[in-house]
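Enquirer: turn this into a model:
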Amino acid sequence: MFKHSTSRYTAVAIALHWAIAALIIFMIWLGWNMEENETRYQLHKSIGITILLLTVARVVWRMLNPPPALPADMKPLEKTASHYVHVGLYALMILMPLLGWVLVSVSKFQVPTVLFGTVSWPNLPFLSGLRGNELVHAIIETLHSKGAWVIIALLALHVAGALKHEFSAEEGVLKRMIPGLFGKTQPPAAPARGFFIAFGSAALLFALIAAGPVLAQSGGVSGKSAPPPPEPEAAVATSETAAAEPNWTVDYTKSEIRFSGTHEGNAFSGTFKDWTADVAFFPDAVETSDVRVQVQTGTATTGKKLYNDSLRAPEWFDVSNHPVATVHLTDFARTDTGYTATASMRLKNQTVTTPLTFTLDIKGDVATLSGEARFDRKVLNIGQISDPNAEWVSDEVTVTVTGEATRK
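Expert: Here you go, the predicted model:
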């Protein structure tokens, strides 16, 4: 026979209770210790969304599996206080992640959210008109930060109440949430039910939201009701002079355009997966050579999803409005170590000119090239909202080109 008649919570409710509690405590610490740390900032957002989804599952589970009644010897006032503390905690477990989501959505910096470095999480689309609004951002930031203190206060009341009832003359409650540690309990009053409904609801919510960026990237969903037609970057680049007839065919399987720089002091690099080049190169009259390259900026890949998503954003490549970058190579000349040319790159209505130095090894009808150019992202207006002073990302970006082409 059981010493107490108290029924315990279901195993799922117990697991959710302690998982969410641990995440909340860690989140509070993380929120106070993530200044100027992009990794912790992304982790903070990832855990916040996790708490939101687990809370959805917990609320649905609680509706399908009502918790055991409070001890009969608990005073009415204490029962009322316990009820409102629980209501407050549940409300904040939903409200705090939502406030954080709103805060990110209205921020002028627009740093993408990538959950645990894997899943792109969109900003709230209906708040796009408030993006960069400093007043709204300040209000939401205050609510979000002060909400942490409210959670701390409610957690303290919750813990104090549980300890008081456990170690006073009343029948304790901790045994219901920690079976076996503070005494035995009876099984839940009714068999547990609704596992797939509870976690399926959370999973469905996650899938519907996370699918947005995937569909948008593939062209299935647009974040704008009527996006303006992309600027004809290629037309702009080719309007100045007529292109020479290409006399080399690029082997794209053996060619690469790579960019590199530093982020938070760490080196990064990436490549463009989709680009084309019209090559008119004349070894015996290099000064008449002409090369025109078109790069699909949305195909930039770095091996890190946060970087990939950031590069597609408006303040970086602005892929939705400027999907193509062009490079026009002119003024070719021989040097003691190889060749040089003038590279004029046009991106987001900005044009910057820089030297390209390269070597070229021609054997028969096959040419192998290796070259390098350096661009200043300030001149190209890239990343000038979130990082105008190069505190995070280096101003100078190195572009290296390697490849092979066959003479026509």
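Enquirer: stretch 280-296 - what's its average pLDDT?
Expert: The average pLDDT for stretch 280-296 rounds to 95.
Enquirer: just how off-centre is that stretch within its chain?
Expert: With CA atoms, centre = their mean, to the nearest Å as the basis, the distance from the averaged C-alpha position of stretch 280-296 to the chain average is 39 Å.
Enquirer: so what touches it?
Expert: Under the contact criterion CB atoms under 8 Å, 6 or more residues apart in numbering, stretch 280-296 has outside partners 233-234, 237-238, 241, 243-248, 257, 272-279, 323-334, 339, 341, 360, 362, 367. Heads up, the C-betas are built off the backbone N, CA and C, glycines and all.
Enquirer: keeping just the C-alphas, turn it into CSV.
Expert: Extracted as CSV, the C-alpha positions of stretch 280-296 are listed here (Å, rounded to 0.1, in the frame of the first residue of the first chain):
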residue,chain,number,x,y,z
ALA,A,280,38.0,36.1,-75.6
PHE,A,281,41.7,35.7,-74.8
PHE,A,282,44.5,36.2,-77.4
PRO,A,283,48.0,35.2,-76.1
ASP,A,284,49.7,37.0,-79.0
ALA,A,285,47.7,40.2,-78.4
VAL,A,286,46.7,40.1,-74.8
GLU,A,287,45.7,43.8,-74.8
THR,A,288,42.7,43.0,-77.0
SER,A,289,41.4,40.3,-74.8
ASP,A,290,38.0,40.6,-73.1
VAL,A,291,36.4,38.4,-70.5
ARG,A,292,32.8,38.7,-69.1
VAL,A,293,31.6,36.8,-66.1
GLN,A,294,28.1,36.4,-64.7
VAL,A,295,27.7,35.1,-61.2
GLN,A,296,24.4,33.9,-59.6
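Enquirer: list the buried residues in that stretch.
Expert: Neighbour-count burial for stretch 280-296, with 16 or more other CB atoms under 10 Å as criterion, is recorded at A280, F281, V286, S289, D290, V291, R292, V293, Q294, V295, Q296.
Enquirer: restricted to strands, list the residues you listed.
Expert: With strands defined by DSSP state E, the entries of the buried residues of stretch 280-296 inside them are A280, D290, V291, R292, V293, Q294, V295, Q296.
Enquirer: just these now: which is nearest E36?
Expert: The shortest distance between E36 and any of these, using CB to CB, involves V295 and amounts to 32.1 Å.
Enquirer: what's across from that closest one in the sheet?
Expert: In this structure, V295 bridges to W275, A325 when assessed by DSSP bridges.
Enquirer: ok, then the element right after the longest helix along the chain?
Expert: As assigned by DSSP state H, the longest helix anywhere in the chain is helix 134-167. Note on helix 134-167: by DSSP states H and E, the next helix or strand toward the C-terminus is helix 174-177.
Enquirer: what residues of that following helix count as buried?
Expert: For helix 174-177, the buried set under the neighbour-count rule, 16+ other CB under 10 Å, comprises K175, R176, M177.
Enquirer: would CSV of those with distance to Q350 be doable?
Expert: Putting those into CSV (distance: CB to CB, whole Å) gives the following:
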residue, distance to Q350
K175, 67
R176, 64
M177, 60
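Enquirer: poorly predicted segments of this structure, please.
Expert: Residues of the chain meeting the criterion pLDDT under 70: 1-6, 169-172, 179-185, 189, 214-242.
Enquirer: name the single longest strand found in it.
Expert: With DSSP E as the criterion, the chain gives strand 248-263 as its longest strand.
Enquirer: all strands for the stretch 251-400 of the chain, in order.
Expert: Secondary structure of the stretch 251-400 of the chain (DSSP state E, counting those that start in this stretch): strands at 266-272, 275-280, 290-296, 300-301, 324-334, 339-347, 350-363, 366-376, 396-407.
Enquirer: between those strands, which one is closest to L205.
Expert: Across the strands of the stretch 251-400 of the chain, L205 has its closest neighbour in strand 300-301 (29.2 Å, CB to CB).
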